[in-house]
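In: Fold the following, please.
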Amino acid sequence: MNEIELESFPFNSIIDDREYEASIFRNYFGKFLTTGVYFGLYNDYGDYSMKVMPDNGLNVKVIKGCGLIKGTDFNLKNDTILSLQMPIGNNRNDMIVVRFDDTLEERKTKLYIKEGTTTEFAELERTIDVYEICLAKIIVKDRALEITIDDIIDTRRDSSLCGIVTSLIDIDIQDVLDDITVKKDKFFLDLDIITEKEKAEFFERLNIWFETIKDIIDENTAIHLLNLINENKQKTNENNQKINENSEKINTKANKKKTYNIEIDTNWTGENTKRIQVQGIEETDIVSVYPIWSENKETRIQEKEEYNKISLVKSGENWVELTCDEETPTIKLNARIEVVY
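Out: As a prediction, the model looks like this:
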């Protein structure tokens, strides 16, 4: 019989005969996870993982988070400050970049500022050994003394520049449900049973048939077979109900996009958290919070400074909870909660 050895791993090593390079592990994880940053429930990151926000002066803060580049995991354990250089004479287009470098001299992943020109952003380097993703684009204005929220373009959701880590394993649930339904219908069609009334009559005739043969086979066998039929009937009904419930849940989740307006007052707990009741939010929802700016310019500038103090949002059953890492807002803010998924 012909045998073909397949490429596979891992196996226990005996005298170093099963050593594995890092590229094998990267290829493995790259089969089912995309390149990008992690969002969602992991470490309660929500949608703040690796988010770039303005800090003091020409500094920006990259919120702690993690991600994956071509199967290689990276982790920013703490919020990190990066300092941009002041341009003289013209604006400059910079990017905040995570760089994976597998060259022999480097073999690491790093976070850095990639400076562009006055007219365009720099090109991301993407070769066999190097791959860069862009967390944010920043317009550094001529002789600017500070970076504002309006100067920063969040690119984490842009799959061509960065992207959110998602699974490459795609199972169409609806196809599975359709296949179950087809097989169930075929079973009854093969017996020329169409209506629900005919299905009920089918099981009734089965019970009658068992009554007629109970004297032919021993009592234990008859009871056992009848119990199996009744159990199968019950399971069929339960499966039909589950199929209908799952179909309804799938359609509801896919078609429903929820948004809520909330008011954030200045009453925060000692742990710099605030829980706000929002009827309709579910514990499994992944939510984002967006500011609703005032029309007055001076008020709007103050709101931007206060809103940047909020670092994390998570959801529960009919509530959202906001967290500030350091100071809490000192003025009332209005915001919009959007269910991402």
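In: who's in contact with V289?
Out: 310, 313, 320, 322, 335-338 (CB atoms under 8 Å, 6 or more residues apart in numbering). For the C-beta atoms, the positions are set from N, CA and C on the backbone; glycine is no exception.
In: make it 7 Å
Out: 313, 335, 337 (CB atoms under 7 Å, 6 or more residues apart in numbering).
In: Looking at those, which one is closest to K186?
Out: Relative to K186, the closest of the contacts of V289 is I337; by CB to CB it sits at 46.4 Å.
In: correct me, but that closest one touches E321?
Out: No: at 11.3 Å, I337 does not count as touching E321 under the criterion of CB atoms under 7 Å.
In: Looking at the two now, which is surrounded by more residues?
Out: I337 (21 against 15; other CB atoms under 10 Å).
In: Can you tell me the SS state at the residue nearest to the more buried one when sequence neighbours are not counted?
Out: Using CB to CB, 6 or more residues apart in numbering and skipping residues adjacent in sequence, the residue nearest I337 is Y260, 4.5 Å away. Per DSSP: H, G, I helix; E, B strand; the rest coil, the local secondary structure of Y260 is strand.
In: How much space separates Y260 from N334?
Out: Remark: distance between Y260 and N334 (CB to CB, to the nearest Å) = 12 Å.
In: what ranges do the helices span in the stretch 1-150 of the chain?
Out: Taking DSSP state H, counting those that start in this stretch as the criterion, the stretch 1-150 of the chain carries its helices at 22-30.
In: ok, how many other residues are close to V287?
Out: The number of residues packed near V287 is 21, by other CB under 10 Å.
In: so what are the domain limits for the protein?
Out: For the chain, the structural domains run 36-154, 173-255, 259-339, going by automatic domain parsing.
In: Could you tell me the least trusted of these?
Out: Lowest mean pLDDT within the domains of the chain: domain 173-255, a mean of 70.
In: which one of Y260 and N334 has more residues nearby?
Out: Remark: of Y260 and N334, Y260 carries more neighbours, 17 against 14, as counted by other CB under 10 Å.
In: residue contacts, that one?
Out: Here Y260 is in contact with 278, 280, 337 (criterion: CB under 7 Å, 6+ apart).
In: My read is that Y38 contacts V165, right?
Out: Yes: taking CB under 7 Å as the definition, Y38 is a contact partner of V165 at 5.1 Å.
In: measure T266 to D101 for me?
Out: Distance of T266 to D101, computed by CB to CB: 46 Å.
In: out of the two, which sits in the more crowded spot?
Out: D101 (16 against 12).
In: And that one, how close does it get to I276?
Out: For D101, the distance to I276 - CB to CB - is 43 Å.
In: Just read off the phi/psi values of F121.
Out: Backbone geometry at F121, expressed as degrees, to the nearest 10, gives phi -80, psi 160.
In: show me what contacts it?
Out: By CB under 7 Å, 6+ apart, the neighbours of F121 are 93, 95, 137.
In: Neighbours of the last one, how many?
Out: Think K137. Neighbourhood size, K137 [other CB under 10 Å]: 20.
In: That one is in contact with I96, isn't it?
Out: No: in this structure, K137 is not within contact of I96 by CB under 7 Å, at 8.1 Å.
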